[in-house]
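S.K.: I would like the atomic coordinates for the input below:
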Amino acid sequence: MATIQRENTETLNLQLDVVGYIVGESKPYRADIVAFRPLAVGEYLYMEYYDYKVLAMVNTSITGSPVITNNIIDPRDIERLVKTIRYGEKIYYYKGIIKILGSFNGSSSKLYMPPIPPPPGTEVYKAPKTILSRIFSPDEKGFVRVGTLLREMDIEVKININKVVSRHLGILAMTGMGKSNLVALIAKKVAELGGTIVIFDYHGEYTSMKPLNIVTNIVKPKINPLNLDLEEMARLLNIPRNATRQRMALRECLENIGENNFFIMLKKCLQSKIAKYDISAQKVLDAISVYENFLKRILDEGIEDVVNNIVLGAVNIVDLSDLHLNQADAIVSHWLNRTLEARKVGVWSNGSQGIPSPLLIVIEEAHAFISADNETATKRCAGSIVREGRKFGIGLIVVSQRPRGLDPTILSQLGNLAVLRIVHPEDQQYVAKHCEPITQDLVEELPGLNIGEAILLGEWVTVPTIAKIDLVKEKISGGDIDAVAYWSRNLFS
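M.R.: Purely as a prediction, here's the structure:
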């Protein structure tokens, strides 16, 4: 393999290691390469042609042999070939498909797609570290480290937090691959910048997270029942959407209820509606009898507006772990609705009222709350945030281990993605279909990712990035339970 020293226009002496050459027909965004050595998927390459300085990434790596081919059907023939080939004789070839990420000029980290493709015979080099650092570790305000390049572990990967707030983010992977670790890392970085983040924690994974020098605010999900709308109250009582008469009876009572003794007044009103709505009003009464004791733990007439529970400049964790799904849905919906309204007021009043500064909201287990198959209260409010959040400084982070269960309209509006390992073919194709930043080539690489490895796409990174995500040591829950260790302690205690 040759090494070329070339004087760069930026006064940098780049040591360029030739990896191979462009062959066949190419396009401005992709090309085929024949290489001197095996190519690693996610490896970054560098080319110079027609005065363009171009960064590319290996999408597909192929190793073959002109001697040991598919036509050989007897393994003994392969054995004889391998033993008789002289030492040092080349019996393999290495090919690949590369994605052209863009051309750069000057010292900027921004890339622009060249209008013409690389011609056959163009030399392809291993991307120099000086270029990789410029692209993936920009020294600009708003960029924070989340890990390192998977194939160049000494190159930091930084993401643009501003773009997360303005363009939203989807974190998608099968269980146990590092989704919640990435959420914890982003939360930590946001708080270090003085920002505010609210995490709806359905499984209680984040309540024990207490990073040094960062304020964490654990919030029990209490709501003033007088602030609930019909849909939220119906979800808390598990009244189906198609139970029209039950909802009509509930609506009339909610509209006429006083400010004191909420449950007493609600039941008295419903009893008066039995003559009008018959068994429908009675079913609502029965639901209140079933859930009243539980709901009194999360509904409190003396509680103030939920947005007053948000501590600015902190990691706010709303603990939903004691709630059923329908009840958690009502809580999340109410928080989203009130947060969006308060943020609008904050913008319109120049920060004198409402929520004065931008913030991020994280919905864990989002396939349950923003479902493709079921109508939920949260889905309606989340849809409003992905449409309007950019104008008012609210970013939504959607986290799911079952991407095919997510509402496609909301998924398609997420401008940034962190995709960790996904094995299920339906999940892979669903992501490819509804997530604009991802391509079929990248989808095919998802099963090959290990724990903590992610493909980062969208405006929060300069170019598509395959990264090893930093581990957040402060997040001590959420990993796999060591069942054998528990059993051993009980056995010998």
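S.K.: what about the residue nearest the centre of the chain, which SS state?
M.R.: In the chain, the C-alpha nearest the mean C-alpha coordinate belongs to I171, at 1.7 Å (Cα atoms, centre = their mean). Recorded secondary structure, I171: strand (DSSP: H, G, I helix; E, B strand; the rest coil).
S.K.: distance of it from V362?
M.R.: Distance, I171 to V362, by Cβ to Cβ, to the nearest Å: 9 Å. Bear in mind the C-beta positions are built from the backbone N, C-alpha and C, glycine included.
S.K.: go on, Y112?
M.R.: Y112 is 33 Å from V362, by Cβ to Cβ.
S.K.: now the helices for the stretch 201-350 of the chain?
M.R.: 230-236, 244-255, 262-272, 274-277, 279-295, 325-348 (DSSP state H, counting those that start in this stretch).
S.K.: For Y112 and V362, indicate the residue with more neighbours.
M.R.: Neighbours were tallied for Y112 and for V362 using other Cβ atoms under 10 Å; the higher tally belongs to V362 (27 against 12).
S.K.: hmm, which helix or strand of the protein has the shakiest average pLDDT?
M.R.: Ranked by mean pLDDT, DSSP states H and E, the weakest helix or strand in the chain is strand 3-7, scoring a mean of 50.
S.K.: show me what contacts the closest residue to L295 other than its chain neighbours?
M.R.: Nearest in space to L295, with sequence neighbours left out and distances taken as Cβ to Cβ, 6 or more residues apart in numbering, is L236 at 6.1 Å. Counting by Cβ atoms under 8 Å, 6 or more residues apart in numbering, L236 touches 228, 291, 295, 299, 326-327, 330.
S.K.: just those now: which is nearest V484?
M.R.: For the contacts of L236, the minimum distance to V484 (Cβ to Cβ) is 34.8 Å, reached by Q327.
S.K.: For the residue nearest to the closest one when sequence neighbours are not counted, report the pLDDT, please.
M.R.: Distances taken as Cβ to Cβ, 6+ apart put L236 closest to Q327, at 5.4 Å, once the chain neighbours are dropped. Per-residue pLDDT puts L236 at 83.
S.K.: try A328
M.R.: According to the model, A328 carries a pLDDT of 87.
S.K.: Help me confirm that V431 is found in a helix?
M.R.: Yes: checked against three-state DSSP, V431 lies within a helix.
S.K.: Pull up the gap between it and M174, please.
M.R.: V431 is 12 Å from M174, where distance means Cβ to Cβ.
S.K.: Look at those two and report which has more neighbours.
M.R.: When V431 is set against M174 and neighbours are counted by other Cβ under 10 Å, the residue ahead is V431, at 23 against 18.
S.K.: Settle this for me: that one is touching V419, isn't it.
M.R.: Yes: counting by Cβ atoms under 8 Å, V431 touches V419, with 6.6 Å between them.
S.K.: For F200, which residues are in contact?
M.R.: 318, 320, 328, 332, 335, 361-364, 369.
S.K.: With R251 instead?
M.R.: R251 sits next to L230 when contact means Cβ under 8 Å, 6+ apart.
S.K.: Common neighbours of I171 and V362, please.
M.R.: 183, 397, 399.
S.K.: How much space separates the second one from K179?
M.R.: Going back to what we said before, that points to I397. As for I397, its distance to K179 is 10 Å (criterion: Cβ to Cβ).
S.K.: between the two, what contacts are shared?
M.R.: Jointly contacting I397 and K179 under the rule Cβ under 8 Å, 6+ apart are I171.
S.K.: Looking at the two, which has the bigger crowd around it?
M.R.: Neighbour count, other Cβ under 10 Å: between I397 and K179, I397 has more, with 26 against 23.
S.K.: Low-confidence regions, the protein specifically.
M.R.: When residues are selected by pLDDT under 70, those of the chain lie in 1-14, 86-89, 106-109, 212, 434-444, 475-482, 485-493.
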